[in-house]
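K.L.:
Sequence first, predicted model second:
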Amino acid sequence: MTSKYDSALTRRLFLKAASASALAAAAPGDAPPIYLADMSKCLPASALTNKPQRGRWRLLPYETETFSGSMLVAGRNTGAPEVRYPLSQKGWHRVSLGLRSYRGGESATLVEVRLGRDSNSVMVRHAHGEEDRIDDYYWRTVELTGSDELVFSQWRRRLVPDDAGSVGNSCSAVWLAYIKLEPLDRPEEARLREERRSGRTRVLFCHNDAWSYTYRYRPTSEAEIRREIEPFRDTDFSRIYWEAGMGDRMYYPTKIGRITAADDWIDDPYRIGDRLAKETWRTWREKGIDPLKVAAEHAHAIGLEFHATYRPSGFHFPVPQDEWNEGGAYDRHPEWRGQDKVGRPTPRLSYAFQGVRDLVAGFLKEISGYEIDGVCMAYNRRPPYLEYEQPLLDGFRKTHGKDARAVGDRDREWLKYRATFMTSFMKQVRQVMEAARREKGRSRPLEVSAIVLSSEMENLYYGLDLEEWVKQGLLDTIMPYSSVRGINSSRDSWTDPAEAEFFYRITGDSSCRLALNLMPRRLSPDQYRERAHALYEAGSEHFFFWDTNARNDFSPSWDVLRRLGHRDELARWADDGKPAYEAPGSHLRKLGTWNLGYETPG
């Protein structure tokens, strides 16, 4: 049978190096990349085996079109220990990992990696692709000393809380073929140093809900909190929006609230992840770990502003999360609950009541005691914030002589009046931040940001009069979640820059920054480039990325996303005709004893 690889090679050929499966190749004039393909050099040797064995990494031989090597493999039950790969190279290098996956989903490769002299690691998550391909995932650019090590760990999900070594604790799959080092020449090194010093490209804003990682990973140490922040080191991101709470459910050890995610009152969490998150928060409490403090400290350590984010509509949830807020403000204050147009109670607390506004302002004051750079109101989750409560009905009748229940749901006069209550709340937020700034003796303001909805009318319908907020100086940054109505996270946002005209207009002559959120969470490299370039051309200066923790997997998409602040690169890409992104990697010929060129349909 003819191999499908017998045709002429279409990728760059590599020169086989003389030692230890270190391989190199490059276009003329480029410094040759170095491929460290013999993973049997990992230490300790006792952690390695040639056969699948629990508690040890399997060394699996492979061949590509141009070189051979030995990759590290660990399965879902392996529980492999940490291993170190010694690096003898010196100077600045771009470091990538050669990865593949057996299947997608939970069988996709996920490996934890750090530099030996660093205490902070990152999770590199491979997206399953072609069976006969190794993908190069860029990690970071670092100055090597000649005595460095790369440290690799197989991540374990601690499902059995009392037995760390139990086979019931599932592991991530890992297929790690090689380490790729690309030396920087002197001009590249100078540009990198200048870029990092100036920060001129750091115009991107990221977000982390500060709960999903406890649901998935069950972190119990400070290092695992820092791991959520670490991917943004040396990228075009300048600030992180890290969630501190929602409603009266707080993601730090609150002293004024009653509820944290430790869920002490919940006997039977519905989902496995709910139990893992509960165990995380209880362990942190026992160890005296404050995750909000740790996150803020590490964000500042790597040069990120830290903006504590709050969801104003999280006081009550449907089944099976109905116990999340048990005994909280929703239960204790039925008089603060919402009311629909015909007088029926609704399952939320309304900002029409001063008591609700004061309660939330108290949480924000408590949050401002941390070393933060601002707060953010996440209005992109679970509106409405007020409906037809009695203070609104009475005030509208007094001001306009009308019964709000008799006018249309989108009557502008009614919506503008109703929005004055949320404007009053935003004034209160600004006052809390200004008082905190003075108390801290801080010269720079504690900023106020808001994540908002798709258009002028959708925001106004839910009580958010954005134009008035900007006019009154109540916002420093505004981040529209999507151009699509209904908080639809799966649809493409801002594909037509004209959709953002309202936001460009209201912020244009103000000091308020505008950062459009690019959705959905998973975009291709070319989609990111196309979208960002068009919006830059229309006048955008910043971008926001909701759930960036679902994007920073070190895939080709992340490789492009992390540099979207490089407007000059995007301009050159457009001038060159917008060539398609070519993902770097290698094609496999043989894996173990199996010839991948042999076709077996089905």
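P.N.:
Arrived safely, thanks for sending.
K.L.:
Mean confidence (pLDDT) on the helix or strand hosting Trp284, please.
P.N.:
If you go by DSSP states H and E, Trp284 is part of helix 272-287. Helix 272-287 shows an average pLDDT of 95 in the prediction.
K.L.:
tell me which residues of the lengthiest helix in the chain are tucked away?
P.N.:
The helix that spans the most residues within the chain, counting by DSSP state H, is helix 412-440. Judged by neighbour count using 16 or more other CB atoms under 10 Å, the buried positions of helix 412-440 are 414-415, 417-423, 425-426, 428-430, 432-433, 436-437. Placement of C-beta: from N, CA and C, glycine included.
K.L.:
which residues are in contact with the helix or strand following it?
P.N.:
Beyond helix 412-440 on the C-terminal side, the first helix or strand identified by DSSP H and E is strand 447-452. Contact with strand 447-452 is made by 241, 307, 309, 373-380, 426, 429-430, 433, 459, 464, 466, 469, 474-481, 517, 544, 546, as judged by CB atoms under 8 Å, 6 or more residues apart in numbering.
K.L.:
which ones among those residues are found in helices?
P.N.:
Judged by DSSP H, the contacts of strand 447-452 include Met426, Val429, Arg430, Met433, Asn459, Leu466, Trp469 as members of helices.
K.L.:
Could you pull up the contacting residues of the nearest residue to the fifth one once chain neighbours are set aside?
P.N.:
Distances taken as CB to CB, 6 or more residues apart in numbering put Leu453 closest to Asn459, at 4.8 Å, once the chain neighbours are dropped. If a contact means CB under 8 Å, 6+ apart, then Leu453 has Tyr379, Asn380, Pro383, Asn459, Tyr462, Leu464, Pro480, Tyr481, Ser482, Arg485, Ile487 as its contacts.
K.L.:
just curious, which of these is nearest to Arg410?
P.N.:
Nearest to Arg410 among the contacts of Leu453 is Tyr462, at 11.4 Å by CB to CB.
K.L.:
shouldn't that closest one be in contact with Tyr379?
P.N.:
Yes: counting by CB atoms under 8 Å, Tyr462 does reach Tyr379; the two are 7.3 Å apart.
K.L.:
Need the overlap of contacts for those two.
P.N.:
Tyr385, Leu453.
K.L.:
Just list the residues touching Arg405, thanks.
P.N.:
Lys341, Val342, Tyr388, Leu393.
K.L.:
Now, these that are in helices?
P.N.:
Per DSSP H, helices hold the following members of these: Leu393.
K.L.:
ranking the contacts of Arg405 by neighbours, who comes first?
P.N.:
Most neighbours among the contacts of Arg405, by other CB atoms under 10 Å: Tyr388, with 23 neighbours.
K.L.:
That one is in contact with Gln339, isn't it?
P.N.:
Yes: under the criterion of CB under 8 Å, Tyr388 makes contact with Gln339 at 5.4 Å.
K.L.:
any shared contact partners between those two?
P.N.:
Listed as contacting both Tyr388 and Gln339 by CB under 8 Å, 6+ apart is no residue at all.
K.L.:
Show me the shaky parts of the stretch 451-600 of the chain.
P.N.:
For the stretch 451-600 of the chain, no stretch has pLDDT under 70.
K.L.:
show me where it has helices.
P.N.:
Secondary structure of the stretch 451-600 of the chain by DSSP state H, counting those that start in this stretch: the helices cover 456-461, 466-471, 501-508, 525-538, 556-561, 567-575.
K.L.:
ditto for the stretch 51-200 of the chain
P.N.:
Under DSSP H, counting those that start in this stretch, the stretch 51-200 of the chain gives helices at 186-198.
K.L.:
ranges for the strands of it?
P.N.:
Using DSSP state E, counting those that start in this stretch, the strands of the stretch 51-200 of the chain run over 57-64, 68-74, 83-87, 90-99, 110-115, 122-125, 133-145, 148-154, 174-183.
K.L.:
Can you tell me which of the ones in helices among the contacts of strand 447-452 is closest to Ile266?
P.N.:
Among those, Val429 lies closest to Ile266 (CB to CB), at 30.7 Å.
K.L.:
which residues does the closest one contact?
P.N.:
If a contact means CB under 8 Å, 6+ apart, then Val429 has Ala361, Leu364, Val375, Met377, Val448, Leu474 as its contacts.
K.L.:
what about 10 Å?
P.N.:
Contacts for Val429 (CB atoms under 10 Å, 6 or more residues apart in numbering) come out as 310, 312, 357, 360-361, 364-365, 375, 377, 448, 450, 474-475.
K.L.:
Now for the nearest residue in space to Tyr385 that is not next to it in sequence, how many residues are close by?
P.N.:
Leaving aside its sequence neighbours, Tyr385 sits nearest to Tyr351 (CB to CB, 6+ apart; 4.8 Å). Other residues lying near Tyr351 total 22 when counted by other CB under 10 Å.
K.L.:
my guess is Tyr351 contacts Trp336, does it?
P.N.:
Yes: taking contacts as CB atoms under 10 Å, Tyr351 lies within contact range of Trp336: 9.4 Å.
K.L.:
Give me the common contacts of these two.
P.N.:
With CB under 10 Å, 6+ apart as the test, Tyr351 and Trp336 both reach Glu389.
K.L.:
Report back the residue of this structure that's furthest from centre.
P.N.:
Relative to the centre of the chain, and counting by CA atoms, centre = their mean, the farthest-placed residue is Gly401 at 48.3 Å.
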